[in-house]
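S.K.: sequence-free structure coming up:
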């Protein structure tokens, strides 16, 4: 990171951190709400971690920005992993980098390795053409990852349904839903990284 | 011919799906920060879905009903129907608490991701010609989203939110000449009246979501027509037609289907995962802790949602002696602090592309380091909003400092005036050497027009 960037970040942090410090003082700890269990069988407040019972709007602001920065960080990691980490070495790819064209047959990229690269019919038009094409590696680790993540996604979905049918504890719902959506994230990432061709296109803006 | 092929042919005969197929290949530049808009978009979708669920159980009424739910402290009490129904959703409907929390967190994440998206667009100069219209639409979206969140804040009719929403009523009332009409229109009479909750409910679940969805549609339509900005290319791009490094008449990126769709799916799942974790572990607006609206009392802590805190800061800092009369019309300090100053901020944001005006079209995003005065203004603006937000929390600041809000007010005013100036000056001084021509080895990131050797490459005449 350049010195100038660090300086600007420091200027922003010099105000952001005091603002967050003040904002986090919003609400003092409070008593848990007392639930009459004879009315209903569900236990929405039961959980395995002590969490605050209420948050002020200012505290919510800090939490949501921290969550957003974390989300962006994780997103950037997965995005790069999809595009680079699992991609075969560029030197051995059948990349379309020599000015040649890619045929727009009706089949998907099944015969990419045979030299005549077929791809999706909608990619190439008069105003759009393929600039980069890397066939999927179809590596065995991709299959293992997808198999494992599929099992995980199903397990979390089953746990979520089970929780709905029994105590409906919010913390458990949160964990199961988080696990399910992260498994689905992993599944998509794995499919993209190992089983989907990496295609880039160039397109005229004016059409 | 298989059944699926016959079905496809049937649809194709009627809708010309084959002809529209090329749309699926549209190019999306693969930049991490370009995905912030998608986070906001998905948050809106989640808000609609969770809001629909909540709508099945919520009663938009202040009529007193006897509470028979499981929250012990309210059992047998007469409560406003709106408050009682939110208690019911939270504590007696299976996963009602999760979905209510998810709705709240999605609302906050929606506003935050939209703000970060706008900051990204601002600092990379992606608002410049020809994208001024979309910047205006985006600014409108930000304003509408804040208003939508504000109307939702009031709906449970609890003591904390009612008091905070009452600030907005007083601000609406302070508008010269039309204040009473405006307040009546939005709040259904003197706040809080029996018409307030139904009125805000109608705005929250119908008018504002419809307006937001419409603006999102316009935003997307303009984006599709103009296509994305693109980060600087490292080198020329080979292919059927060679794309020069600085050729802005062509956009290079992932095709919408399948690659960008998969990336969007990852954004969608990660957004849901984040919201699930937040909703599972952290409460938002726990109304059982505050109790129902009680006009006879005032909560010890009053504050609006965090994204309105800067406007609240203006209200706190504007002195009462700023009130004046013009031709018999009273202009109050509430009006100046609550609407005029925030209005000026919104106006400056909306008009920024015309302040930093470009006559040539720009399709490459710029490096913030190469735009000294624009970046300095942006940093000053962010610092200004943060300092105004601190002023909005003056009660907490005074408590931390062990003094009174009156004692810290002069310091907050001084900080609000001098802080942004200092931040902007430091930023400008740090970047001045990076201005175009300042460092010949650094690209400006603004496309061909900034580079003499490429002035005829086709920019400026497309679209």
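M.R.: Happy to help now that I have it. For clarity, every value in this text was computed on a predicted model and none was experimentally measured. Numbers count the residues shown, from 1 in each chain, chains lettered A, B, ... in the order given.
S.K.: for chain B, just list every one of the strands.
M.R.: Listed in chain order, the strands of chain B (DSSP state E) span B:27-28, B:64-66, B:78-80, B:250-255, B:324-326, B:329-331.
S.K.: ok and the residue in chain B nearest chain A?
M.R.: Nearest residue of chain B to chain A (CB to the nearest CB) works out as residue B:280 at 1.1 Å. Every C-beta, even on glycine, is put in place using the N, C-alpha and C of the backbone.
S.K.: my guess is that residue meets residue A:180, correct?
M.R.: No. Counting by CB atoms under 8 Å, residue B:280 stays clear of residue A:180, with 11.9 Å between them.
S.K.: what's the overlap in contacts for these two?
M.R.: With CB atoms under 8 Å, 6 or more residues apart in numbering or on different chains applied, the contact sets of residue B:280 and residue A:180 do not overlap.
S.K.: find the nearest non-adjacent residue to the residue of chain B closest to chain A, please.
M.R.: Spatial nearest neighbour of residue B:280, chain neighbours left out: residue A:174 (1.1 Å); criterion: CB to CB, 6 or more residues apart in numbering or on different chains.
S.K.: isn't the one you found right up against residue B:276?
M.R.: Yes. At 5.3 Å, residue A:174 counts as touching residue B:276 under the criterion of CB under 8 Å.
S.K.: now do the shared contacts for these two.
M.R.: Common neighbours of residue A:174 and residue B:276, counting by CB under 8 Å, 6+ apart, are residue B:98.
S.K.: mind checking pLDDT for the nearest residue to residue B:180 once chain neighbours are set aside?
M.R.: Nearest residue to residue B:180 in three dimensions, chain neighbours excluded: residue B:173, at 6.6 Å (CB to CB, 6+ apart). What the model reports as pLDDT for residue B:173 is 94.
S.K.: okay, now residue B:173: neighbour count?
M.R.: For residue B:173, the count of nearby residues is 19 (other CB atoms under 10 Å in any protein chain shown).
S.K.: contacting residues for it?
M.R.: B:179, B:180, B:182, B:183 are the contacts of residue B:173 under CB under 8 Å, 6+ apart.
S.K.: most surrounded residue in those residues?
M.R.: residue B:183 (21 neighbours).
S.K.: what's that residue in contact with, if anything?
M.R.: Contacts of residue B:183 (CB under 8 Å, 6+ apart): B:169, B:172, B:173, B:191.
S.K.: so residue B:363 makes contact with residue B:231?
M.R.: No. Residue B:363 is beyond contact range of residue B:231, at 10.8 Å (criterion: CB under 8 Å).
S.K.: of those two, give the one with the bigger neighbour count.
M.R.: residue B:363 (27 against 20).
S.K.: so what's residue B:208 closest to, chain neighbours aside?
M.R.: residue B:148 (4.1 Å).
S.K.: now do residue B:265
M.R.: residue A:188 (4.8 Å).
S.K.: mind listing what the one you found touches?
M.R.: Contacts here follow CB under 8 Å, 6+ apart; on that basis residue A:188 touches B:262, B:265, B:266, B:269.
S.K.: so it is in which element?
M.R.: helix A:170-190 (DSSP states H and E).
S.K.: chain center to that helix: distance?
M.R.: For helix A:170-190, the distance from its own C-alpha centre to the chain's C-alpha centre is 10 Å (CA atoms, centre = their mean, to the nearest Å).
S.K.: what sits up against stretch B:308-322?
M.R.: With CB under 8 Å, 6+ apart, stretch B:308-322 has contacts from A:57-58, A:61, B:146, B:150, B:167, B:171, B:303-304, B:333-334, B:336-338, B:341-342, B:345, B:385-394, B:405, B:409, B:412-413, B:416.
S.K.: next, count neighbours for the residue of chain A found nearest chain B.
M.R.: Proximity of chain A to chain B (CB to the nearest CB) peaks at residue A:174, 1.1 Å away. When neighbours are defined as other CB under 10 Å, residue A:174 has 23 of them.
S.K.: what residues does it make contact with?
M.R.: B:98, B:276, B:277, B:278, B:279, B:280, B:281.
S.K.: now for the contacts of residue B:173: which two are most distant?
M.R.: B:180 and B:182 (7.3 Å; CB to CB).
S.K.: so where's chain A shaky on pLDDT?
M.R.: Applying pLDDT under 70 to chain A picks out residues A:1, A:85-118.
S.K.: biggest helix in it by residues?
M.R.: helix A:140-165 (DSSP state H).
S.K.: what angle separates that one from helix A:170-190?
M.R.: Relative orientation of helix A:140-165 and helix A:170-190, computed by axes from the mean of the first three to the mean of the last three CA atoms, to 10 degrees: 160 degrees.
S.K.: please see if helix A:140-165 touches chain B.
M.R.: Yes. Using CB under 8 Å from any CB of the partner chain, we find that helix A:140-165 touches chain B at residue A:164.
S.K.: for that helix, packing partners?
M.R.: With contacts taken as 3 or more CB pairs under 8 Å, 6 or more residues apart in numbering or on different chains; DSSP states H and E, helix A:140-165 sits against helix A:170-190.
S.K.: nearest residue to residue B:273 other than its sequence neighbours?
M.R.: Residue B:273 sits nearest to residue A:181 (CB to CB, 6+ apart), 3.8 Å away.
S.K.: from what I can see the one you found touches residue B:280, true?
M.R.: No. Under the criterion of CB under 8 Å, residue A:181 makes no contact with residue B:280, lying 11.6 Å away.
S.K.: residues contacting residue 39?
M.R.: Defaulting to chain A. B:68, B:69, B:70, B:92.
S.K.: chain B, not that one
M.R.: Residue B:39 touches A:68, A:71, A:72, A:75, B:109, B:113, B:117, B:267, B:271, counting by CB under 8 Å, 6+ apart.
S.K.: 7 Å instead, please
M.R.: Going by CB atoms under 7 Å, 6 or more residues apart in numbering or on different chains, residue B:39 touches A:71, B:113, B:267, B:271.
S.K.: also residue B:305?
M.R.: Here residue B:305 is in contact with A:57, B:149, B:153 (CB under 7 Å, 6+ apart).
S.K.: now with 10 Å?
M.R.: Listed by CB atoms under 10 Å, 6 or more residues apart in numbering or on different chains, the contact set of residue B:305 reads A:57-58, A:60-61, B:104, B:107-108, B:111, B:146, B:149-150, B:152-153, B:161, B:164, B:285, B:312.
S.K.: how much space between it and residue A:53?
M.R.: Counting by CB to CB, to the nearest Å, the gap from residue B:305 to residue A:53 is 19 Å.
S.K.: helices and strands around the worst-scoring helix or strand of chain B on mean pLDDT, which ones?
M.R.: When the helices and strands of chain B are compared on mean pLDDT, DSSP states H and E, helix B:17-20 comes out lowest with a mean of 80. Applying 3 or more CB pairs under 10 Å, 6 or more residues apart in numbering or on different chains; DSSP states H and E, we find helix B:17-20 packed against helix B:3-15.
S.K.: possible to save the contacts of residue B:173 as CSV with pLDDT?
M.R.: Formatted as CSV, the contacts of residue B:173 follow (pLDDT from 0 to 100):
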residue, pLDDT
B:179, 94
B:180, 93
B:182, 94
B:183, 93
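S.K.: let's see which of those end up in helices.
M.R.: B:179, B:180, B:182, B:183.
S.K.: is the third one in contact with residue B:175, as I believe?
M.R.: Yes. Between residue B:182 and residue B:175 there is a contact under CB atoms under 10 Å: 5.5 Å.
S.K.: contact partners for residue B:57?
M.R.: B:85, B:86, B:88, B:89, B:90, B:92, B:93, B:96, B:99, B:100.
S.K.: okay if I get those as JSON lines plus pLDDT?
M.R.: What follows is the contacts of residue B:57, written out as JSON lines (pLDDT from 0 to 100):
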{"residue": "B:85", "pLDDT": "97"}
{"residue": "B:86", "pLDDT": "97"}
{"residue": "B:88", "pLDDT": "97"}
{"residue": "B:89", "pLDDT": "97"}
{"residue": "B:90", "pLDDT": "96"}
{"residue": "B:92", "pLDDT": "96"}
{"residue": "B:93", "pLDDT": "95"}
{"residue": "B:96", "pLDDT": "96"}
{"residue": "B:99", "pLDDT": "97"}
{"residue": "B:100", "pLDDT": "97"}
